[in-house]
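> Show me how the following folds:
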Amino acid sequence: MTIRVLVVDDQVMVREGFSVLLNAMPDIEVIGEAVNGREAVSKVAELAPDVVLMDIRMPELNGIEATREIVASHADSKVLVLTTFDLDEYVYQALRAGASGFLLKDASARQLADGVRVVAAGEALLAPTVTRRLITEFSKISQAPKPPALSQVGELTERETEVLVLIAQGLSNAEIASHLVVAESTIKTHVSRVLVKLGLRDRTQAAVFAYEARLVTPS
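Coordinates of the predicted model:
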């Protein structure tokens with residue numbers, strides 16, 4: 001199944017470079033490009049891509065606001081944020097806005113393609129150490145809203161809460177299953193229930209929720 005991608009960046013060389021790299025993959029097709037956030041929102045409505053590669057700093061409408069609009073209106077389109085620096089002050093805001101993860105602009109062709117595949121599959125791009133560090137750092141300094149109501153966290157069972165914490169620590173389903181000594185299929189069920197109960201989009205949003213609910217203490 002071909003993964004359909006929209007590339008969003010205000011620099012033509014970046015757009016063309018990513019498009020060439022991704023179109024070289026047998027399972028990925030770049031179906032469009034956008035030069036700013038406003039055009040990105042319009043193109044998503046028109047083309048319904050599986051994954052949107054989204055730059056953050058752009059004119060007219062930045063990547064954070066564009067991500068928020070896309071996530072709210074087009075649940076099937078996943079957003080993968082592009083950034084120049086791994087500790088970009090805006091990346092955490094983008095994750096809170098609904099992005100499913102982030103990649104550095106200097107990522108290799110393989111890292112770029114793998115990132116697109118991971119996000120298209122409904123997973124969060126949380127595994128790399130740098131991503132865990134970014135979420136940890138910016139959960140400390142961001143002006144996050146007050147922790148979610150205890151009643152919302154209280155809807156989770158003890159095991160579901162445990163799974164949520166492990167997601168926030170960047171563990172995959174297989175790693176969580178190994179840690180808890182249960183079948184991976186059981187973990188998949190727990191993850192699905194956590195997302196449904198908390199009304200969350202994906203694992204990235206679950207991780208952000210865990211930090212903001214103070215279930216995980218940044219270290």
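> buried ones in the longest helix seen in the chain?
Across the chain, the helix with the greatest residue count (assigned by DSSP state H) is helix 184-198. Buried residues in helix 184-198, counted by 16 or more other CB atoms under 10 Å: 187, 190, 191, 193, 194, 195, 198. (C-beta placed from N, C-alpha, C; glycine too.)
> got it, and stretch 90-109?
Buried-residue list, stretch 90-109, by 16+ other CB under 10 Å: 90-105.
> mind checking the SS state of residue 33?
What DSSP: H, G, I helix; E, B strand; the rest coil gives for residue 33 is strand.
> Would you agree it is in contact with residue 17?
No - the criterion here is CB atoms under 8 Å, and residue 33 misses it with residue 17 at 11.3 Å.
> out of these two, which sits in the more crowded spot?
With neighbours defined as other CB atoms under 10 Å, residue 33 and residue 17 compare such that residue 33 has more, 20 against 16.
> Tell me what the more buried one is bridged to.
On the basis of DSSP bridges, residue 33 takes part in beta bridges with residue 7.
> ok, it to residue 203 distance?
Using CB to CB, to the nearest Å, residue 33 is found at 28 Å from residue 203.
> now residue 196
Relative to residue 203, and taking CB to CB, residue 196 is found at 13 Å.
> returning to that earlier point: next secondary structure element downstream of the longest helix of the chain?
helix 203-212 (DSSP states H and E).
> now that following helix and helix 184-198, what's the angle there?
Calculated by axes from the mean of the first three to the mean of the last three CA atoms, to 10 degrees, helix 203-212 forms an angle of 70 degrees with helix 184-198.
> Just give me how far helix 203-212 sits from the chain centre.
Distance of helix 203-212 from its chain centroid, counting by CA atoms, centre = their mean, to the nearest Å, is 10 Å.
> helices and strands around that helix, which ones?
Applying 3 or more CB pairs under 8 Å, 6 or more residues apart in numbering; DSSP states H and E, one finds that helix 203-212 contacts helix 91-97, helix 129-141, helix 158-168, helix 184-198.
> So for that helix, mean pLDDT?
Taken as a whole, helix 203-212 carries a mean pLDDT of 81.
> which of the residues in it are buried?
Buried, per 16+ other CB under 10 Å, within helix 203-212: 203, 204, 205, 206, 207, 208, 209, 210, 211, 212.
> What is the nearest of those to residue 78?
Ranked by distance to residue 78 (CB to CB), the buried residues of helix 203-212 are led by residue 204 at 9.6 Å.
> correct me, but that closest one touches residue 101?
Yes - Residue 204 is within contact range of residue 101, at 5.8 Å (criterion: CB under 8 Å).
> Specify the beta-bridge partners of the spatially closest residue to residue 22 that is not a sequence neighbour.
Once flanking residues are discounted, residue 22 sits nearest to residue 28: 4.8 Å by CB to CB, 6 or more residues apart in numbering. Under DSSP bridges, the beta-bridge partners of residue 28 are residue 3.
> Tell me, what's the model's pLDDT at residue 28?
96.
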